[in-house]
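Enquirer: sequence? don't have it. structure:
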C-alpha cells in the first residue's frame with residue numbers, strides 16, 4: 001500500500017488541532033473539572049507560536 005506524501009503532510013499539520021479538539025471534548029463532558037480545563041489551556045498554548053521572542 002502506498003501513502004501519498006501530501007496526505008502525510010496534511011495529517012502532520014492537523015495533529016496539533018486534533019489534540020486541541022480531543023482536550024476540548026474531554027473538558028466539555030465535565031466543565032467543572034479544573035484539571036481538564038488546565039490541560040486544554042496547555043494544549044492550546046502548545047499550538048500557538050511563541051511571540052515573546054519576536
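Expert: Structure's in. What do you need? All figures in this text were calculated on a predicted structure; none of them were measured in a lab. Residues are numbered from 1 along each chain as shown.

Enquirer: and residue 33, how many neighbours does it have?
Expert: 14 (other CB atoms under 10 Å). Quick note: C-beta positions are derived from backbone N, CA and C, even for glycine.

Enquirer: Repeat that for residue 34.
Expert: Counted with other CB under 10 Å, the neighbours of residue 34 add up to 9.

Enquirer: ok, now residue 49?
Expert: With other CB under 10 Å as criterion, residue 49 counts 7.

Enquirer: cool, residue 30 as well?
Expert: Residue neighbour count, defined by other CB under 10 Å, stands at 10 for residue 30.

Enquirer: Assess the claim that it and residue 36 are in contact.
Expert: Yes. Applying CB atoms under 8 Å, one finds residue 30 in contact with residue 36, separated by 6.7 Å.

Enquirer: Quick one: list the elements packing against the helix or strand where residue 12 lies.
Expert: Here residue 12, judged by DSSP states H and E, is contained in helix 5-29. The criterion is 3 or more CB pairs under 8 Å, 6 or more residues apart in numbering; DSSP states H and E, and the helices and strands that helix 5-29 contacts are helix 34-47.

Enquirer: For the helix it packs on, buried residues please.
Expert: 36, 37, 40, 43 (16 or more other CB atoms under 10 Å).

Enquirer: Tell me the gap between the helix holding residue 12 and the middle of its chain.
Expert: Relative to the centre of its chain, helix 5-29 is centred 5 Å away, using CA atoms, centre = their mean, to the nearest Å.
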